[in-house]
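**Student:** structure of the sequence below:
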Amino acid sequence: MSLKDAVQEKLSALSATGGFVGRLVRDENLQPIPQTADYVAVTAAELSSLAASPPHNVKDVRLTLGIDKEGMPSSVKIVVGVANQLRPHKLNNTILVAVCPANRDKYDQVAEMLGEHLTQVLELVRDGVMVGGGRRAVRLLLTSDYEALCTLHGHKGPSATMPCLMCYATKAPSMTHSGLDSLFGTLQDVEAPSTTPLRTSSHLDQMVLANALHVGPGEQMANLPQAGHRSIERPPLLCIDPLQIVPIPLHSTMGITPRLLRLAVELIVSCRGRAAGLAYAEGLAETLRCVVRVRPAPYHGGVFIGRDCHTIAESSDAVCRTLLGLVPEKGHAAYRRLWVLWRKLVRTMNRAAEVEMGEAKDFRSTAHLFVRHLKHNFPWVSISPKLHILLRHAPDFLDRFGSIGLYGEQAIEAWHGYYNQISAKYAAGTEVDACANLARAMAIARDASDSNLVTTLRRPAEVGARRARKDGDGRLRVNKGGVGGCREARQKAIQKGRQWAQSIFREGDRTFATFLTRLASGED
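**Tutor:** Here you go, the predicted model:
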């Protein structure tokens, strides 16, 4: 079955069961734009990079294309999701396009994987899909982690001179690129409104043409002037409107939450020195384990998974209390304020539902306040691409499409988890054969039936029915007997926590030392 057939089958089943949910683009006043025009399929010669971005008044279907590397065993997965349903991240509501064993999602590997699938994606965009007897356009949105998105665009990555995939802002002020800095601004410019031009699909088309005309065998487009290639070093594998790149809500949560934890260590180092910083980091790890009840995931690179990042944000008061008496009250208040703002952002950014106009406006103001408060009160913090996306591009995406979480990376992360659980079932002589077994089994099981498209929900319990009320209630954590878990597991968790603490201390200490060096040299 081709990708086009699989998508059409899914949409037909959604339409037949009443599960198809229309999604409208919003105008500058955050009002939905009615879709009144049917889509007219174009010929292959008329197909352009803008085909996946139909006019707002044309009836469309929103598909997400995700590419990500993760799991044990490590593999790159390509997943297509249909956002026009209530639960777009549910495993059975997505389409596993391909699985390939890989340690890194490198350009050549991803290009080889996407080969025939990109042709099918372009055919799907060109022909559109049928829903309820009418033809609809396909609006394609890219959702992956940042490294995979950079690979798909042929971009040099988050450490490039122009690290953002949505605009041309440079990484930081420098003498080498002073002309570009003055023209486009930098990621570190957080106070003034952004005047940086946005990236366009036409520039990506130009990079494909430049590769064909000016780049010899074995060369990369980085040999062209920076003002020309703008950190695009390889021909983009897919040219669509960069406004339809999803602002990585899950990976932003998993990146910024640990950054705030590391910020506490840096604050201790700045006030009390390196030795106190290491001791504090180890104490923080114990607080997270014992009070917040989270621990680094060994299968996830020794960092916290998305669910734990949400738990940390909701329990951030416990983290803030660890700083009491160790730093000046001004620093403690500034740090506590960061968590209050971040908790609000996480809730909106990751919720897989459309948000109201008032909440969207509040998200924009909160994002600006969060990043500017961070930079103003903790000047050694460098604005990363994820913080830049949160400040400059996530609010615009939310205004335009009404949600960020609906189009996020949760679906592809679900496939990583699923493969981790059942990889032994599809084991084979080689990892390639194992991945092929999984893809084949999922293709056979991809029958868009009512059983996996419509979920019967139980009636919600009465308010307070599950709330522990009595002092002796066994559901209260303080009343539970025993120590919870065996001694070996507890010791292993403590050891992993210490490793995490040492890691964030080394990184935090290096960050603050670099800031002091730059300050002494007059660069800041």
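
**Student:** which parts of the stretch 51-200 of the chain are strands?
**Tutor:** Under the criterion DSSP state E, counting those that start in this stretch, the stretch 51-200 of the chain carries strands at the ranges 60-70, 75-82, 94-101, 129-131, 134-142.

**Student:** right, and these - which one's nearest residue 195?
**Tutor:** Minimum separation from residue 195 across the strands of the stretch 51-200 of the chain (C-beta to C-beta) falls at strand 134-142, 25.1 Å. For the C-beta atoms, the positions are set from N, CA and C on the backbone; glycine is no exception.

**Student:** dump the residue contacts of residue 160.
**Tutor:** Going by C-beta atoms under 8 Å, 6 or more residues apart in numbering, residue 160 touches 171, 231.

**Student:** mind running it again at 10 Å?
**Tutor:** Residues counted as contacts of residue 160 (C-beta atoms under 10 Å, 6 or more residues apart in numbering) are 150, 170, 171, 222, 226, 230, 231, 232, 233, 385.

**Student:** residue 421: neighbour count?
**Tutor:** When neighbours are defined as other C-beta atoms under 10 Å, residue 421 has 9 of them.

**Student:** I misspoke; the intended subject was residue 27.
**Tutor:** When counting by other C-beta under 10 Å, one arrives at 12 neighbours for residue 27.

**Student:** what do you get for residue 133?
**Tutor:** 6.

**Student:** ditto for residue 240
**Tutor:** Neighbours around residue 240, by other C-beta under 10 Å: 24.

**Student:** for residue 382, same thing?
**Tutor:** Residue 382 has 14 neighbours, counted by other C-beta under 10 Å.

**Student:** thinking again about what came up before, please identify which pair of the contacts of residue 160 lies farthest apart.
**Tutor:** 222 and 385 (18.4 Å).

**Student:** out of the two, which sits in the more crowded spot?
**Tutor:** Between residue 222 and residue 385, counting by other C-beta under 10 Å, residue 385 is the more crowded of the two (23 against 15).

**Student:** list the residues that contact that one.
**Tutor:** Taking C-beta under 10 Å, 6+ apart, one finds 146, 150, 157-160, 163-166, 169, 171, 187, 248, 252, 255 in contact with residue 385.

**Student:** look up how far residue 160 lies from it.
**Tutor:** 9 Å (C-beta to C-beta, to the nearest Å).

**Student:** tell me which helix or strand comes right after the worst-scoring helix or strand of the chain on mean pLDDT.
**Tutor:** Within the chain, no helix or strand scores below helix 450-453, which has a mean of 41 by mean pLDDT, DSSP states H and E. Downstream of helix 450-453, the next assigned helix or strand under DSSP states H and E is helix 487-521.

**Student:** that following helix: how far from the chain's middle?
**Tutor:** On the basis of C-alpha atoms, centre = their mean, to the nearest Å, helix 487-521 sits 24 Å off its chain's mean C-alpha point.

**Student:** buried residues in it, which are they?
**Tutor:** Within helix 487-521, the residues scored as buried using 16 or more other C-beta atoms under 10 Å are 493-494, 496-497, 500-501, 503-505, 508-509, 511-512, 515.

**Student:** quick one: which of the residues you listed is nearest residue 271?
**Tutor:** Using C-beta to C-beta, the buried residues of helix 487-521 come closest to residue 271 at residue 512, 10.6 Å.

**Student:** you'd agree that closest one is up against residue 274?
**Tutor:** Yes - contact criterion C-beta atoms under 10 Å: residue 512 and residue 274 qualify, at 9.0 Å.

**Student:** give me the common contacts of those two.
**Tutor:** With C-beta under 10 Å, 6+ apart as the test, residue 512 and residue 274 both reach residue 268.

**Student:** can you give me the domain boundaries for this structure?
**Tutor:** Domain ranges of the chain: 3-150+409-451, 160-236, 249-406, per automatic domain parsing.

**Student:** low-confidence stretches in the stretch 101-250 of the chain?
**Tutor:** 103-105, 214-223 (pLDDT under 70).

**Student:** and residue 464, what's its pLDDT?
**Tutor:** pLDDT recorded at residue 464 is 60.

**Student:** try residue 347
**Tutor:** Confidence score, pLDDT, at residue 347: 95.

**Student:** then residue 296?
**Tutor:** At residue 296, the model reports a pLDDT of 89.

**Student:** am I right that residue 268 is in contact with residue 501?
**Tutor:** No - look at residue 268 against residue 501 with C-beta under 10 Å: they stay out of range, at 11.9 Å.

**Student:** between those two, which contacts overlap?
**Tutor:** By the contact definition C-beta under 10 Å, 6+ apart, residue 268 and residue 501 are jointly contacted by 278, 279, 280, 281, 283, 284.

**Student:** and the strand or helix carrying residue 251, how far out from the chain's middle?
**Tutor:** According to DSSP H and E, residue 251 maps onto helix 249-272. Centroid separation for helix 249-272 versus its chain: 18 Å, with C-alpha atoms, centre = their mean.

**Student:** residues of it that come out buried?
**Tutor:** Going by neighbour count (16+ other C-beta under 10 Å), the buried part of helix 249-272 is 249-270.

**Student:** repeat that for stretch 384-399.
**Tutor:** For stretch 384-399, by 16+ other C-beta under 10 Å, it's 384-395, 397-399.

**Student:** which one of these sits closest to residue 332?
**Tutor:** So of the buried residues of stretch 384-399, ranked by how close each gets to residue 332 (C-beta to C-beta), first place is residue 387, at 21.7 Å.

**Student:** the closest one and residue 256 touch, don't they?
**Tutor:** Yes - between residue 387 and residue 256 there is a contact under C-beta under 10 Å: 6.8 Å.

**Student:** give me the contact list for stretch 24-32.
**Tutor:** Residues from elsewhere that reach stretch 24-32 (C-beta under 10 Å, 6+ apart): 22-23, 33-35, 54-58, 60, 62, 139, 354-358, 360-361, 398-402.

**Student:** in helices only, show me these.
**Tutor:** The helices, defined by DSSP state H, take in 357, 358, 360, 361, 398, 399, 400, 401 from the contacts of stretch 24-32.

**Student:** wait, which of these is closest to residue 298?
**Tutor:** residue 398 (34.0 Å).

**Student:** what mean pLDDT does the one helix or strand residue 279 maps to get?
**Tutor:** Assigned by DSSP H and E, residue 279 belongs to helix 274-287. When pLDDT is averaged along helix 274-287, the result is 95.

**Student:** skip ahead from that helix and say which helix or strand is next.
**Tutor:** From helix 274-287, the next helix or strand downstream (DSSP H and E) is helix 306-314.

**Student:** show the pLDDT at residue 478.
**Tutor:** We have a pLDDT of 59 for residue 478.

**Student:** over to residue 78?
**Tutor:** What the model reports as pLDDT for residue 78 is 86.

**Student:** next, residue 88: phi, psi?
**Tutor:** Note on residue 88: backbone dihedrals following degrees, to the nearest 10 are phi -70, psi -20.
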